[in-house]
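Colleague: quick one, fold the following:
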Amino acid sequence: MTGIAPGGSILRYFDIVPHVNTGLDATFDFFYDDAELNGQDPQTLRLWKSVSGGATWNAPSGTTVDTAAHRVRLSGVNSFSRWIAPDAAHNLENSTVQVQFKLAGNWNLLSFPLAVADPRRISLFPEAISPAFRYTDSYVVAESLGAGIGYWVKFSSARTDTITGTALSVDSISVSDGWNLIGTPPFAVPKSQIIQVPGGIVTSNYFGYDGGYVVAQTLEPTRAYWVKIRGGGTLVLSPEGGILKNRR
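Modeller: Residues are numbered from 1 along each chain as shown. The predicted structure is shown next:
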């Protein structure tokens, strides 16, 4: 079935009720027309699932987008129900999001853009072999992880952790004079779409870490970045860059 999705999504949803609906391990291709985008950014569409007829929603991790084919794809689907496709700038009410952390077997620069029942590092990443360190003029041990903040965390071996929580609105980050270690929302933000208030306060590239420092053109979800600031101010993630709004 198709129909008009509520609020912040493309103008299509699918109700899928297969004869067998458990343990499917299926790949789901969700196709759309340009006329159905409803102001959504096709490059950041993500599949959301409801097993309650739209009362509550969950966004599994792993969505990929092919804008040329007008296709949104999710693999590893074990059951079907109602599916819609909002973009990164629209988060549905009564929703949870899965975020996948791909962690190296050494030091990682990461951020945590979710609200969870227990945000302590020991609960979120029990396999870590270091505390979480944030930076405010010097390194400080952080017992709990918060949105918009970057952390160093060390692991003994590479791993992938998937954590479910409520996506947090990270629409602005306060920064101070000098080097800042900032976190990201649960979606990618091109650096060209980050607004500086006041203008011209960013005096460096954004530097991520992957066994060594790398210049980032896009701030990726779950990652953290160094950036140097002149005088202090605010970095604003504009709607075009992906502000997360609670809408329906």
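
Colleague: ok, for Ser79, nearest residue in space, not its chain neighbours?
Modeller: Distances taken as C-beta to C-beta, 6 or more residues apart in numbering place Asn21 nearest to Ser79, at 5.0 Å, with adjacent residues excluded. Any C-beta I mention is one placed from the backbone N, CA and C, and that applies to glycine too.

Colleague: what about that neighbour, how many residues nearby?
Modeller: Neighbourhood size, Asn21 [other C-beta atoms under 10 Å]: 12.

Colleague: now Asp33: phi and psi?
Modeller: Dihedral pair for Asp33: phi -100, psi 150, per degrees, to the nearest 10.

Colleague: before we move on, back to that, how about the secondary structure of the residue nearest to Ser79?
Modeller: Three-state assignment for Asn21 (DSSP: H, G, I helix; E, B strand; the rest coil): coil.

Colleague: I'd say it and Val51 touch.
Modeller: No. Asn21 is beyond contact range of Val51, at 10.3 Å (criterion: C-beta atoms under 8 Å).

Colleague: which residues are in contact with both of the two?
Modeller: Jointly contacting Asn21 and Val51 under the rule C-beta atoms under 8 Å, 6 or more residues apart in numbering are Ser79.

Colleague: any idea how far Thr44 is from the most centrally placed residue in the chain?
Modeller: Residue closest to the average C-alpha location in the chain (C-alpha atoms, centre = their mean): Pro186, at 1.3 Å. In this view, Pro186 and Thr44 are 11 Å apart by C-beta to C-beta, to the nearest Å.

Colleague: please apply the same query to Phe187.
Modeller: For Phe187 relative to Thr44 (C-beta to C-beta), the value is 6 Å.

Colleague: just Thr56 next, same as before
Modeller: As judged by C-beta to C-beta, Thr56 and Thr44 stand 22 Å apart.

Colleague: when these two are compared, which one has more neighbours?
Modeller: Shown here are Thr56 and Thr44; by other C-beta under 10 Å, Thr44 has more neighbours (17 against 14).

Colleague: sweet, I'm off.
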